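Student: Give me a model of this one.
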Amino acid sequence: MAAFLRSLRGSVAPVEAVYHVEANPGGTGNHMHLWVRSSRLPRRAVASAVACAGFGTVFDVRRVELPAEGQRLQATTYGMKACLQRPAGATGLWPAAEQYLTLNGDRLEHHTRDFYLDRSGSPAGGVRAAIREARQQYGLRGGWATV
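Tutor: Numbering: from 1, shown residues only. Next up is the predicted model:
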């Protein structure tokens, strides 16, 4: 990923990103879901970065429109379906979620430092600051609990 971002930043700046790796449904390997925030993202620059990083030759670039205030951006959770689709009766970590976490180094996602923004559109200053911002925005109070 470092080589991909380095290559992309060489032709398109600034670039911030969040990604996660997901197993292919047929058990034929893995693929990545990557969201890039940049003022522009030419397909040629992405193709060059993909080749530079050794990611293969298949990639897709789509523009994602931000949802209205208070709406959830559905696209970012699509690749996490292994963790979000808990089987009925599961009392612990199920195999698909365990595989997802293994592929991602026990993380739900990987992000660059300034990917998350505050309400004004400025970098939030890291994921903890972004969580605080979101909790304030939606009026969430209290501590976290493991369920």
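
Student: so what pLDDT did the residue sitting furthest away from the middle of the chain get?
Tutor: Distance from the C-alpha centroid of the chain, by CA atoms, centre = their mean, peaks at Gly89 (28.1 Å). At Gly89, the model reports a pLDDT of 90.

Student: residue ranges with poor pLDDT in the chain?
Tutor: 70-76, 142-147 (pLDDT under 70).

Student: Going along the chain, name the strands of it.
Tutor: Using DSSP state E, the strands of the chain run over 16-23, 30-37, 110-111.

Student: what's the most buried one of the ones you listed?
Tutor: strand 16-23 (a mean of 19; mean count of other CB atoms under 10 Å). For glycine as for every other residue, the C-beta is placed from the backbone atoms N, C-alpha and C.

Student: how big is the angle separating that strand from strand 30-37?
Tutor: 160 degrees (axes from the mean of the first three to the mean of the last three CA atoms, to 10 degrees).

Student: hmm, back to that, out of the strands of the chain, which is closest to Arg62?
Tutor: strand 30-37 (10.0 Å; CB to CB).

Student: Provide the strand pairings for the closest one, with the direction of each partner.
Tutor: Applying DSSP bridges to the sheet, strand 30-37 is found paired with strand 16-23 (antiparallel).

Student: who touches stretch 125-136?
Tutor: Stretch 125-136 has contacts (CB atoms under 8 Å, 6 or more residues apart in numbering) with 111, 113, 116-119, 124, 140-141.
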